[in-house]
Structure formats: structure tokens, C-alpha cells
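Colleague: Provided below are the primary sequence and the corresponding predicted coordinates.
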Amino acid sequence: MKLETGSGKLVEQQVDTLLVGVPEGNPAGDTADEVNQALDGKLQSALAATGFQGKAGTECVIPTFGQIPAERIVMVGLGEASDVTVDRIRAAWGAGARRARQAGARQIASAPPPSQFGSAGTRAAAEGVRLGLYRHLVYKSEDTNEGDVERIVFTGIDDQEALNAGETLATGVSLARDLVNAPGLDLFPERLAGRAWEMASDFGLECTVYDRAALQEMGAGAIVGVGQGSLREPRLIHLVYRPEGQSLGVAGFVGKAITFDTGGVSLKPPDGMRNMKMDMAGGAAVIGAMRAIAELKPPFTVHGVIAAAENMPSHSSYRPGDVLKTLSGKTVEITNTDAEGRLVLADALTFTARQGAEFMIDLATLTGASVVAVGNSAASLFGTDDALVQDVLQAAEFSGERMWHMPLWDDYRQDLDSDIADIVNSGNRDGGAIKAALFLKEFTHDVPWVHLDIAGPAWSTKEEGYRIKCGTGFGAHTLVTLLEQRAK
Ligand code: BES
Ligand code: MN
Ligand code: ZN
């Protein structure tokens with residue numbers, strides 16, 4: 001699909017569909033005025049008949065009866081003009097493009113998004129349409145009867161650069177979605193490493209993959225331990241982006257990538273296991289972000305570190321009572337093999353700190369407790385550095401990714417005391433997301449750090465705005481935005 005700028009009037013575009021975003025209460029005014037005139041006032045009467053008022057999250061489709069080249073107009077509500085944000089633009093254009101495709105659109109001309117956001121608004125509209133039209137069709141044997149949108153022309157805009165940046169960002173998020181949606185049968189650690197490697201060679205990133213023998217040799221006993229129950233051996237994936245000019249700092253982005261989480265010997269019940277192919281969503285977000293970073297070229301050195309393993313029960317699995325020696329040298333007594341994410345992350349965080357990262361952000365579908373605490377649409381955010389916490393929250397807000405700052409209360413650490421090792425991997429259920437974060441904190445080596453528990457928002461069961469069902473790619477957008485904002 002091509003996103004391009006276009007000159008000339010919206011109503012004269014040689015396309016099949018027009019896309020117009022309008023504020024609440026004035027659906028036939030302003031941007032829609034021109035269209036209304038071309039239709040001799042019929043837009044206004046059609047809108048009155050549908051009851052469409054421009055509320056956020058609403059759309060309607062109006063036929064044009066041959067009066068202009070386009071067959072239909074898709075109107076999308078932006079809500080109260082004073083409440084419009086870049087994320088609302090993303091959502092409106094995402095839902096509008098999807099509605100257009102449902103109606104049969106192949107070629108769309110879009111009115112410009114609200115001008116007060118400048119190129120950020122243009123970029124958001126581009127992100128919205130690309131993400132809203134995302135589909136994962138790899139496993140469909142028949143084509144769906146909805147075809148693909150081939151082209152979207154943005155009229156009244158000459159900012160192709162903003163459209164390209166939006167497209168790049170959305171392509172990174174889409175890569176993360178593709179990886180999350182891939183079944184565990186097909187996407188195991190070695191394949192995930194292959195996908196990361198391929199992306200890295202396409203975009204000029206360094207990529208090193210450590211296999212099981214290399215991990216053992218390195219001393220990454222936690223990743224090896226978690227992965228030893230599966231025939232599909234674990235991998236540590238290390239991507240590096242280096243800016244062409246001066247580097248303003250060294251970032252470390254760390255992702256949990258359990259390609260399938262059965263719980264291991266501490267087996268999950270079927271309902272809890274149903275969606276566990278998504279347990280690599282943190283790693284997927286890092287890979288997607290690295291792809292966008294490679295193209296957007298922010299002035300930072302970035303290490304993307306993905307800890308990949310499959311958590312399986314078998315004759316060779318690690319078991320409760322085992323003690324694993326992590327890369328840091330600290331020992332962990334296993335109390336529950338289903339608390340595997342924090343183990344692979346422990347090694348990945350130590351590895352990243354050793355690369356010279358000046359700040360680290362990890363993303364992980366880590367605990368069901370996070371979903372209980374903040375629900376399905378938000379990540380729990382923990383951090384050891386106030387400035388970094390504030391920067392991530394700000395980047396998340398701009399990116400439309402909801403995150404909530406949670407406490408790292410030291411006294412809860414007692415619950416992780418072990419009688420025979422340095423720490424246990426799982427305490428009791430109370431405050432589970434906090435205790436998981438306290439566990440990770442022990443492996444951050446005083447590097448400023450933020451932990452994002454994305455167990456809720458990594459997967460979606462509903463379609464809304466530019467968010468679609470299944471893997472969401474959550475987190476990738478915020479990582480990219482953080483670097484862009486820190487560069488300013
Ligand atoms: N991958 C799960 C967490 C999860 C749950 C992600 C639901 C997405 C949706 C993680 O490995 C896990 O099993 N966590 C346990 C931790 C417990 C054993 C301390 C949990 O949340 O129950
Ligand atoms: Mn688990
Ligand atoms: Zn898990």
C-alpha cells in the first residue's frame with residue numbers, strides 16, 4: 001500500500017473513497033464543507049439522517065450517487081475539538097481506513113488531519129491507517145473477500161517525510177504483531193533468531209545469536225535452565241544499532257521471548273495456556289522497534305537484547321527445587337517453573353548492562369498479577385530512575401500506549417528470600433507484579449532501568465481504532481518515541 005501526498009481538491013480525486021475526519025457537533029462544517037457543496041448539500045442531509053455527530057470512535061459511510069468521482073465518503077469522528085490528540089487522530093484514521101476497506105475501498109483520498117499538530121498529526125494519520133489495516137493472513141487458506149487498499153492520497157499536505165516516518169513506525173509495530181501472532185509450532189527460539197537476523201541484515205544492524213552451547217559457555221544458566229525442557233533450544237539475540245553521527249547515549253532494550261509458555265513442570269491449566277504463544281511479545285516489541293530505529297536513525301547507540309526459550313515440561317525440564325546460576329553469578333532457587341520470564345530476563349539484563357548500556361528498558365508479558373492490577377489495556381511500569389520513568393511515561397502517552405507507574409517496595413523483597421540460594425524465583429501471589437519487578441531489579445547492576453509488564457496489553461480481544469485483535473505490538477512505539485524525544 002502506498003501513502004502519498006496529493007495536490008488538488010479532495011472531491012476531484014480519482015479514487016473510490018474519500019476519508020474525512022470531523023470534530024463533534026459540526027460534522028458537515030469545516031473540512032467537510034467542500035464535499036457538501038460538491039454534493040449540493042446532500043452530505044448535510046445524509047449526515048442528519050444517519051445521526052452521525054462526529055463523536056470519537058464513530059464512523060459512517062455516505063454514498064455519493066455519481067456526483068463526484070469517489071463512490072463513497074467515510075466520515076470519522078474526532079470528538080470535541082479541544083480534546084483531539086495525536087493518538088485520537090491515529091485511532092480515527094485507523095478505524096476510518098478499516099471501515100473503508102470493508103465497504104470495498106481500493107483507492108482512498110484523505111482530507112488533511114487537524115492542522116494544529118503539524119507534521120506529528122500527518123505522521124499519526126499515516127500510522128493509524130497502516131496499523132488499522134493490519135491483517136495477519138499467513139494461515140488463511142482462502143483469500144478473505146475484502147481486498148486490500150492499494151493507495152491513500154493525503155490531500156492538502158506536502159509532508160511526504162511525515163508520511164514515510166509514520167509508515168516506518170507502523171511497519172515496525174506490524175513486524176512485532178506478526179511475530180506475536182505466529183504460532184509456537186512455527187516460531188520457536190531458533191526461528192525467532194532467524195527473523196531477527198534477516199531484519200538486521202536488511203537494515204544494516206549488527207546481529208549476534210548465542211545458541212545453547214554458547215549460552216552455557218557464557219554462564220547464562222537461567223536461560224539454559226528454562227529452555228532445557230524443550231527440543232527447541234534457547235537463543236539469546238543481540239541486535240545493535242549505531243548512529244552514523246555522534247551518539248548521545250547508549251540504550252538497552254530487553255525483551256522476554258518465551259515462544260510458548262506451558263508453565264513447564266508447574267503446568268498451566270488449559271485456559272491459562274490458550275494464548276501463551278504471545279509470551280514472546282516483549283521480544284517482538286524490541287525487534288519491531290529496532291527495525292523502525294534502523295530507518296528513523298535517532299542519535300543513540302541501541303542494544304536490542306531478546307532472551308528466547310520455550311518453556312516445556314519433559315524428562316529434561318528444570319524442576320521446582322533446582323538451583324540455577326545466573327550470568328551475574330547470583331543463584332536462584334526455583335519455586336515455580338512457570339515464573340520463567342524473570343529468569344531469562346535476569347541473564348538478558350546482566351548481558352545488556354555488560355554491553356555498556358546507560359539506561360535499560362525491559363518489556364515482558366511477565367505476570368497475570370499485572371493484568372489483575374491495571375487491566376487489559378495498560379502496562380505496569382516500574383523503575384529505578386525518576387527521570388527515565390518520566391520520559392517513558394511521556395513517550396507512552398504520545399504513543400497512545402497506556403502505562404501506570406507502580407511501586408518497588410523494598411520490604412516485599414523478603415518474600416523472595418531462599419533458604420539455600422540467593423533468591424527464589426516466585427514468592428506468594430500477593431503483589432505478584434511488584435515482586436516480579438523486585439526480582440528483576442537484582443539484575444540491573446545499578447544501570448537506570450524501567451520494567452514494563454505488558455501481560456495485559458500485548459494481546460487484544462477487540463478491535464478499536466488502529467488496534468486490532470490478537471497481537472498488538474504494544475511497547476514498540478514507546479521505545480522509538482522515547483529515543484526521538486530524548487534526542488530533542
Ligand atoms: N507468561 C506468564 C504471564 C502471563 C499471564 C502473561 C497471562 C500473559 C497473560 C508468566 O510466565 C507466568 O506464568 N507468570 C506467573 C507467575 C507466577 C508463577 C509467580 C503468573 O502470572 O501466574
Ligand atoms: Mn510462565
Ligand atoms: Zn511466561
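Modeller: Received it, and whenever you're ready, just let me know what you need. Ligands and ions are numbered 1, 2, ... in the order given.

Colleague: which residue does the protein bring closest to ligand 3?
Modeller: D261 (3.8 Å; C-beta to the ion). C-beta here means a position set from N, CA and C on the backbone, and glycine is covered the same way.

Colleague: how long is stretch 319-327 end to end?
Modeller: One end of stretch 319-327 to the other measures 19 Å (C-alpha to C-alpha, to the nearest Å).

Colleague: who in the stretch 51-200 of the chain is up against ligand 1?
Modeller: By the rule C-beta under 6 Å from any ligand atom, no part of the stretch 51-200 of the chain lies against ligand 1.

Colleague: please enumerate the strands of the stretch 51-200 of the chain.
Modeller: 59-63, 72-77, 107-110, 151-155 (DSSP state E, counting those that start in this stretch).

Colleague: what angle sits between the biggest helix by length in the chain and strand 151-155?
Modeller: Across the chain, the longest stretch assigned as helix under DSSP state H is helix 160-181. For helix 160-181 against strand 151-155, the angle by axes from the mean of the first three to the mean of the last three C-alpha atoms, to 10 degrees is 140 degrees.

Colleague: what does stretch 336-344 rub up against?
Modeller: Residues outside stretch 336-344 that contact it (C-beta atoms under 8 Å, 6 or more residues apart in numbering): 222-223, 225-226, 234, 256-258, 261, 263-268, 279, 307-309, 311, 313, 317-320, 324, 326, 332, 364-366, 425-426, 436, 439-440.

Colleague: buried set for it?
Modeller: Residues of stretch 336-344 classed as buried: 337-344 (neighbour count, 16 or more other C-beta atoms under 10 Å).

Colleague: okay, and for the stretch 51-200 of the chain, where does confidence drop off?
Modeller: 143-145 (pLDDT under 70).

Colleague: give me that answer again for 80
Modeller: Applying pLDDT under 80 to the stretch 51-200 of the chain picks out residues 142-146.

Colleague: which residues of it fall in helices?
Modeller: 86-102, 118-132, 160-181, 189-203 (DSSP state H, counting those that start in this stretch).

Colleague: looking at the ones you listed, which is closest to G456?
Modeller: Set against G456 and scored by C-beta to C-beta, these come closest in helix 160-181, at 13.6 Å.

Colleague: for that closest one, packing partners?
Modeller: Counting contacts by 3 or more C-beta pairs under 8 Å, 6 or more residues apart in numbering; DSSP states H and E, helix 160-181 is packed against strand 2-6, helix 118-132, helix 189-203, helix 281-296, strand 470-471, helix 476-486.

Colleague: most neighbours per residue, which of the ones you listed?
Modeller: Stretch with highest mean neighbour count among the helices and strands packed on helix 160-181: helix 281-296 (a mean of 29; mean count of other C-beta atoms under 10 Å).

Colleague: what's the average pLDDT for it?
Modeller: Averaging pLDDT along helix 281-296 yields 99.

Colleague: helix or strand right after that helix?
Modeller: The helix or strand immediately downstream of helix 281-296 is strand 301-311, counting by DSSP states H and E.

Colleague: residue numbers of the stretch 151-300 of the chain in contact with ligand 3?
Modeller: 258, 261, 279 (C-beta under 5 Å from the ion).

Colleague: same list (those) but as CSV, adding neighbour count and secondary structure.
Modeller: Putting these into CSV (neighbours: other C-beta atoms under 10 Å; DSSP: H, G, I helix; E, B strand; the rest coil) gives the following:
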residue, neighbour count, secondary structure
I258, 30, strand
D261, 26, strand
D279, 29, helix
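
Colleague: take the residues you listed and lay them out in CSV including distance to P448.
Modeller: CSV is the format used below for these (distance: C-beta to C-beta, whole Å):
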residue, distance to P448
I258, 26
D261, 29
D279, 26
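
Colleague: so what pLDDT did the closest residue to L131 other than its chain neighbours get?
Modeller: Once flanking residues are discounted, L131 sits nearest to Y466: 3.9 Å by C-beta to C-beta, 6 or more residues apart in numbering. pLDDT recorded at Y466 is 98.
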